[in-house]
Every structure is written in C-alpha cells, then in structure tokens.
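Asks: just to be clear, the model below is a prediction. Sequence and coordinates:
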There are 4 protein chains.
Amino acid sequence: MSIKERPKYKQIIDAAVEVIAENGFHQAQVSKIAKHAGVADGTIYIYFKNKEDILISVFQEKMGDFIRKIRAEIEGKPSAANKLSALVAMHFNQLAADQHLAVVTQLELRQSNKNIRSQINETLKDYLNIIDGIVIEGKAHGVFRETLDTRLARQMIFGTLDETVSNWVMNEFHFDLTALGKPVSELLLNGLTR
Amino acid sequence: MSIKERPKYKQIIDAAVEVIAENGFHQAQVSKIAKHAGVADGTIYIYFKNKEDILISVFQEKMGDFIRKIRAEIEGKPSAANKLSALVAMHFNQLAADQHLAVVTQLELRQSNKNIRSQINETLKDYLNIIDGIVIEGKAHGVFRETLDTRLARQMIFGTLDETVSNWVMNEFHFDLTALGKPVSELLLNGLTR
Amino acid sequence: MSIKERPKYKQIIDAAVEVIAENGFHQAQVSKIAKHAGVADGTIYIYFKNKEDILISVFQEKMGDFIRKIRAEIEGKPSAANKLSALVAMHFNQLAADQHLAVVTQLELRQSNKNIRSQINETLKDYLNIIDGIVIEGKAHGVFRETLDTRLARQMIFGTLDETVSNWVMNEFHFDLTALGKPVSELLLNGLTR
Amino acid sequence: MSIKERPKYKQIIDAAVEVIAENGFHQAQVSKIAKHAGVADGTIYIYFKNKEDILISVFQEKMGDFIRKIRAEIEGKPSAANKLSALVAMHFNQLAADQHLAVVTQLELRQSNKNIRSQINETLKDYLNIIDGIVIEGKAHGVFRETLDTRLARQMIFGTLDETVSNWVMNEFHFDLTALGKPVSELLLNGLTR
DNA sequence: CATGAATGAGAGTTCATTCAT
DNA sequence: TATGAATGAACTCTCATTCAT
C-alpha cells in the first residue's frame, strides 16, 4: 500500500488543515499538527519529507479533489457559458461547504514562503487550464468574442472568483457565498460574450 | 519637524522595500534594513515602534502615493468609463515603473502575519473606495448597468488587476504590463457597460 | 516519571547555582547554564518555562532541602530554646557547607526583579513560619517572655541570621560561620528569655 | 562652586529616587531620570560619570543626611541604652517620613550589581561604626554584658532594624513603623544588657 | 554648559528536525 | 513503524553613552 493511502497520511493532512485554520499559519507548529493527528512528532517525518512538504501536500490533496469535482460537473455541459456558470457555482459551493479549507487556502497558506507558493501555483495550473479550456471553447463556438485574449480572460475569471472568496473569508463568512454564484456568472459572461 | 518628515524616515522605508524585494520577506532582518539605510540598528527604533511598524509604514507610505496619483489622474476625466481606463492604466504603469515595489506588495508583504495584513487591508480600503466611486458614478450616469452590484463589480475590477499584476510578478516581469492597460480596461468595461 | 524527577532537571538547577555563584546574577546567561549542565540551550526550555522559572526553581528546590533538614533536626528537641539553638546551628552549618549556595541566596538572587523576589519571599515564608512556631512555643511554655511580639521576635532572629551570613559572604568567607552558631544563639536567647 | 552644590546635581539625585521608587530599579533608565529632572540625557553625564555613579551618589547623599541626623540626636544622650533607643527611633522615623527613600534603599537599590552594592556597603560602614560605638560604650560602662562580641551585637541590631523596615516596605507600609521604635529598642536592650 | 539624535553590543527563546530506543 | 526527548541556529529590541551643534 502506497504511503499516501495509509490512514495516517490523511489524518495528518486533515490535522494540518484544522490546526492552520484554527491557529493561523504562523502558529501551526509541527508538534501541534502531530498532536492533533494523534501521532508523535517523529511520525510526521515518516510520511512527509519536511514541514513544507506537509503544506504543499495539503494544497495538492485538497486542490485535487476540488478540481476533480469541478471537472466532473462541467464535463457534460453543452456550452462554454454553461460550463463557466457551473465552474463558478462549484468554486463557491465547495469552499462555502468547508470554511476551514477556505481559510487555509485563501488566507493562511498565502503567508508561506516563495518555495511553497511556487509549488502551490504549480498545482493551481490544472485549475487555470480548465478555465482556459472553457474560454477557448467559447471563442471557438462563437459564444465569446473571438478577439478575447485567453490569458486576460482567465485572469479576470480567476481574479474575480478569488477576490470574492477572499472577501467572504475576511468578512468572516457574514454573507452567503453560494448565492453569489449566479450574479458573478452573469457579470463574467457579460464581459466575455459578444 | 515631525519624525515622518526627517530624512532618515524615508531612507529606512526605501531601504526596507529594497531589502524585502531582494531577499524576501522572511530574510529581511532589521539589521539588514538598517545597514542598507546607512543607519545603526538602534536608529530604526527611534523612527519605528518595532519591525511590524516598519512593514505597515512601508505599505501606507507607498500606497498613499499610489492612491494620490491615481486620484489626481482620474479627477478630471469626463465619464466613469474614462476614469476606469485611467485607473487601470495608472495601476499597471505605477507598478511597472517600480518592480521592487511590485514584488513587495504583490508577493512578500502577503506573507506577513494577521496583524500586519489587517493593517494593510485597512490602507487598501481607500483604493477600493475609489473603485466603488467609479462604479456608482457609472451606474448613476447610465454608462454601467443599473442592476450591477457595486461590491461584485469592485471585486471583479480589483481581482482582475491584482491577479494580472501577480501573474506579471510571478512570471518575473517577462511580459509588458503597461501594454495590458488597454485590453484589460476594454475587457472590464465590456463586463460593466449596458 | 515527573519532569522534576528526571536527572536533567537537577543537573540544570545545580548548573544554575554554580554559574550564578561564579559569574554573578547578571552574567548568568541561559546558554552558559546550559553548557555547564551539559545540555543544549533548547533543552532548558523543556524543563523550565523561561529564565525566571529557573531562578525561582533554584531557590525553591534548595530552600526546600534547607527547610526540610532544619525541620527534621528541631523536631525532637525538648524546648523552644533548644529548637532555636538547633535552627541557628543548622542555618549556619548548611550555608557554610555550600558556599556557592550562600553566594547565590545572599547576594546574587537578590538582584533579581520584583517578580522573582516575590516568588522567593513566598518560599521563604515556610521558614519564617518555623521561627514563629518556636517563638510561640517558647512563650506558651514560659521560656520566652509572654509580652514578646512574635513578629518582632521573628524579625530579630531572622534579621540577625541573615545579616550575619551576608557579612560572612561579603567578607569572602574569611571567618568561621559555623563557630558563630553558639554565641548567636546565646545572644538571641538572651533577648527572648524572661 | 563645586559641582555637587549646583542645583541640577540635587535635582538629578532627587529625580533618581522618585523614578526608582515609582518604576523600580530595572525600569529606571537614565533618560527617564533626565526627563524627571528636567534636563537632557547628556546633561546627566556632566554631573555624573555614569549610571552607577548616580545610584551610588543617591545612596551616599541620602545616607549622609541619615547618619548626620542620627549622630546629632544621640550625641548628648547619657547612656548607651539611651543612645541605642534614640538610634532605633531615628532609624524608623526617618524612613517612615520618606517612603520613597525607604523603597529605594530597602528594595530597589539591592537589585544593583556587585560593584554598586560594595560601594553602598562602604557608605554603610559609617552607620555600622556608630552602632559599634554604642555597643563598646555600653560594655565599657557596664550597661551591656562584657562578654558581648561587638560584631555580633552590631549584626543583631542592624539585622533586626533592617529586617523590620524591609517587612514594613514589603507589606506596603500597612503598619505603623514609628510605633515599633519602643518595643524593638526594648527587645534589643533585653538581649544586650546584663 | 546644555542638548538629544544616534549608536551598537548583547541575550532569551522558538521550533523544525533527528535518532536512539 | 512509531516514539518524543534533545538539539542549536537565528533574530528582535533596549538603553547607557557619546559628540556635533
């Protein structure tokens, strides 16, 4: 059995998310994560190379799920517009359903150093590629303007979603993120369609 | 003469920007900033309460300039659309003209702890208010859709700009940020106008 | 096994006494104590909350022994006068037998800050209570004058002992402290008895 | 005019006593004393060699007065017993009349380093000599026991007074120190007389 | 004489990582 | 595999003292 499939691997990942969400990035010591996961400090180092590796793995594991679900959802959608709406909805819904994860990815993990963040960006590329795919498809099928620069469009889409979720987290969840799916989709589509 | 007007105050602020840009947030020790500014370590503490205070002041001073220039530029513009275009152009141009500052505000200062970031967000509000003002004016004058949610529109605008600059910084300035002013303005206006 | 029973706990306490005695309170750095104890700097902080905690613990541990031995010695003595003589003798003998400890308690630890000294005074109360007990017993059994104010008597007894030991330490041990047991007892008893 | 007679000299001495009494020894920075005395930091160093010199001078100046008054008071007294009673009364009365001074000499100045304290002890010798004189006179005139060891007697007298005042200070002046003059004199005389 | 801005040495504490058991 | 005691490098901040004005 691969090390990533053994129960303690996931225990540690989940403990890391909770500890970071509850204590903040700078107060998430390895020993605290270990205690939360119910293992000894040293055990962490059987499953992870070092602390950076835990944080990167947290993002990869959670982002993997996140992307998988979005991909599954948009797969059968008939048009780029439908796909974009589905992506926006899933983006908001998934984070609304797991506030701890939202805090960790939107606020805490961004306090990490260059190295971790560059690994995180690497992982994020899969998601940005999905967005790019939708934009390209939209342009090809004549739904979006042909003159649209794909990268700019993607930056607008991702930037808007990310800024919205960050606002929601920093406002301590005091508004209904899920409800924003529809208006944000419409706003973005308005900017993209011909 | 107020302490903020004495020459060493600005020397230290500028030294901090350079040291952080060149070494990264976590490698920007007070002693390094002092040496770069040409003062003794202890002198730092005549001008700043502590290290946090330096970092917050860096953001406030630089953001103050940033906002002042944008405000001056958009003041006379005839329509909300013109104002938005000017804001986008100024946002990109100012950061393109000072890559150190761009690195510090887009990457490094975001690694700071909760307290510093909440002070930074406070400072940022002035800028978000300018954007809100443009959106409200646009809606009032019938240039933007009346149904537009101001907060969502602001999130789209700021999110797009921020994501674009971050991309530029993380790509190590390998594309021409200034040149993106026009297409980004158009993209955003397309999403906002009726 | 409780942390106070593990060998390194006592090693560090003893190292602290020696380092303070040899270098003085203000030159007793944590790293010096650690090196003297044969442990790493960080190990100190497994056993003690901070530097203050080391100093307070030094006093408590050593004073604990000090008091325990005196209590055992005077327990079986038939009269308050005998008890007082035994206490004086033990007080002098114990400190004469451990000059390092005498320096630390009489001179160095008194340079500590308010917080440490108030903790030290707390610990000292056990000893003052023993003295009070002897005075009370002496008055009850008609050996000491009934009109004696217990607190004043205790202040005379403890003040005399403390001043004598301090003199001995400050004269760099150039007279025989043990030999003073008898005359000091007699002097005090002369002042207390009817 | 000698430097010690110029007004700022005494201003600084008095400021030091107040600052130490109110803030504690470790919080009595030179700059705080300067501000309290209404002079610039640098001015301190015109009147005193360094910080140690201030502290030693505080003790010398105040102790000088203290001793002068006691000496004047006991001069005319007919017997050693009267002299001792007068000394005890004056010791308590003077400190009771100046709580700041009491705090500084009994608690705060004792936190100073070896060097300062050895200078303080030097100054104190004048006072101990007065006590010795009384003891010697008492023995010569047959009022005190001839077998009395002068040094021990002095240690008992000074130790008792010092411990009593320290208790008073540490109990935050909650009992009437002046009232203790009579019982303490009697207690001591009881121990000394034949 | 007086000022006060500037200096710079010095130490307590944290925590990721290791390794003997 | 799992443990957890032990390690030790690294950095902010204070404050007595100086000296140009």
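Replies: Arrived safely.
Asks: residues in contact with whichever helix or strand residue A:15 is part of?
Replies: Assigned by DSSP states H and E, residue A:15 belongs to helix A:7-23. Under the criterion CB atoms under 8 Å, 6 or more residues apart in numbering or on different chains, residues A:3, A:28, A:32-34, A:36-39, A:43-44, A:47-48, A:54-55, A:57-58, A:61-62, A:99-101, A:103-104, A:108-109 lie in contact with helix A:7-23. Quick note: C-beta positions are derived from backbone N, CA and C, even for glycine.
Asks: quick check: buried residues in it?
Replies: Buried residues in helix A:7-23, counted by 16 or more other CB atoms under 10 Å in any protein chain shown: A:8-9, A:11-21.
Asks: I'd like those as JSON lines, with pLDDT and distance to residue B:150 appended.
Replies: Below are the buried residues of helix A:7-23 laid out as JSON lines (pLDDT from 0 to 100; distance: CB to CB, whole Å):
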{"residue": "A:8", "pLDDT": "94", "distance to residue B:150": "48"}
{"residue": "A:9", "pLDDT": "97", "distance to residue B:150": "45"}
{"residue": "A:11", "pLDDT": "96", "distance to residue B:150": "44"}
{"residue": "A:12", "pLDDT": "97", "distance to residue B:150": "43"}
{"residue": "A:13", "pLDDT": "97", "distance to residue B:150": "39"}
{"residue": "A:14", "pLDDT": "97", "distance to residue B:150": "38"}
{"residue": "A:15", "pLDDT": "97", "distance to residue B:150": "40"}
{"residue": "A:16", "pLDDT": "97", "distance to residue B:150": "37"}
{"residue": "A:17", "pLDDT": "97", "distance to residue B:150": "34"}
{"residue": "A:18", "pLDDT": "97", "distance to residue B:150": "36"}
{"residue": "A:19", "pLDDT": "96", "distance to residue B:150": "37"}
{"residue": "A:20", "pLDDT": "95", "distance to residue B:150": "33"}
{"residue": "A:21", "pLDDT": "95", "distance to residue B:150": "30"}
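Asks: what's the first helix or strand after the helix or strand harbouring residue A:84?
Replies: Per DSSP H and E: residue A:84 is located in helix A:80-97. Once helix A:80-97 ends, the next helix or strand along the chain (criterion: DSSP H and E) is helix A:99-103.
Asks: point out where chain A drops to low pLDDT.
Replies: Low-confidence segments of chain A (pLDDT under 70): none present.
Asks: show me how it divides into domains.
Replies: Here the domain parsing of chain A from automatic domain parsing is A:1-48, A:55-192.
Asks: first to last residue in the last one, what's the distance?
Replies: Read it as domain A:55-192. End-to-end distance of domain A:55-192 (CA to CA, to the nearest Å): 35 Å.
Asks: at the geometric centre of chain A, which residue sits there?
Replies: residue A:63 (5.1 Å; CA atoms, centre = their mean).
Asks: got phi/psi on it?
Replies: phi -70, psi -40 (degrees, to the nearest 10).
Asks: what sits closest to it if chain neighbours are left out?
Replies: Nearest non-adjacent residue to residue A:63, counting by CB to CB, 6 or more residues apart in numbering or on different chains: residue A:123, 5.1 Å away.
Asks: circling back to that earlier point, restrict the contacts of helix A:7-23 to those near DNA strand E?
Replies: Counting by CB under 7 Å from any atom of the strand, residue A:44 from the contacts of helix A:7-23 sit close to DNA strand E.
Asks: weed out the non-buried ones from the contacts of helix A:7-23.
Replies: By 16+ other CB under 10 Å, the contacts of helix A:7-23 give A:28, A:32-34, A:36-37, A:39, A:44, A:47-48, A:54-55, A:57-58, A:61-62, A:101, A:103-104, A:108-109 as buried.
Asks: so of the residues you listed, which ones are in strands?
Replies: If you go by DSSP state E, the buried ones among the contacts of helix A:7-23 have nothing in strands.
Asks: check whether the longest helix anywhere in chain A comes near DNA strand F.
Replies: Ordering each helix of chain A by length in residues (DSSP state H) puts helix A:114-140 first. No. On the criterion CB under 7 Å from any atom of the strand, helix A:114-140 is out of touch with DNA strand F, staying 14.9 Å away.
Asks: the stretch of helix or strand residue A:182 belongs to close to chain B?
Replies: Take DSSP H and E as the rule and residue A:182 turns out to sit in helix A:181-192. Yes. Remark: helix A:181-192 sits within contact range of chain B at A:183-184, A:187-188, A:190-192, by CB under 8 Å from any CB of the partner chain.
Asks: buried ones from those, can you make that a PyMOL selection?
Replies: Buried residues within those, by 16+ other CB under 10 Å, are selected in PyMOL with:
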select buried, chain A and resi 184+187+188+190+191+192
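Asks: out of the residues of helix A:181-192 next to chain B, who's nearest chain B?
Replies: Nearest to chain B, judged by CB to the nearest CB, of the residues of helix A:181-192 next to chain B is residue A:191 at 2.5 Å.
Asks: the closest one touches residue A:157, doesn't it?
Replies: No. If you go by CB atoms under 8 Å, residue A:191 and residue A:157 don't touch, sitting 9.0 Å apart.
Asks: is stretch A:141-157 positioned near chain B?
Replies: Yes. Applying CB under 8 Å from any CB, one finds stretch A:141-157 touching chain B at A:145, A:148-149, A:151-153, A:155-156.
Asks: for those, which single residue is the most surrounded?
Replies: When neighbours are counted by other CB atoms under 10 Å in any protein chain shown, residue A:156 leads the residues of stretch A:141-157 next to chain B with 30 neighbours.
Asks: looking at this, that one is in a strand?
Replies: No. Residue A:156 is assigned helix when assessed by DSSP: H, G, I helix; E, B strand; the rest coil, not a strand.
Asks: that older thread, just the ones of the contacts of helix A:7-23 in helices?
Replies: If you go by DSSP H, the contacts of helix A:7-23 have A:32-34, A:36-37, A:43-44, A:47, A:54-55, A:57-58, A:61-62, A:99-101, A:103 in helices.
Asks: filter the buried ones among the contacts of helix A:7-23 by proximity to DNA strand F?
Replies: Within these, those near DNA strand F by CB under 7 Å from any atom of the strand are residue A:39.
Asks: for the residue of chain A found nearest chain C, which non-adjacent residue is spatially closest?
Replies: When scored by CB to the nearest CB, chain A has residue A:31 as its residue closest to chain C, at 11.9 Å. Nearest residue to residue A:31 in three dimensions, chain neighbours excluded: residue A:41, at 5.2 Å (CB to CB, 6+ apart).
Asks: and what of residue A:95?
Replies: What sits nearest to residue A:95 in space, not counting adjacent residues and going by CB to CB, 6+ apart, is residue A:102, at 4.3 Å.
Asks: need the contact list for that neighbour.
Replies: Contacts for residue A:102 (CB under 8 Å, 6+ apart) come out as A:95-96, A:165, A:168-169.
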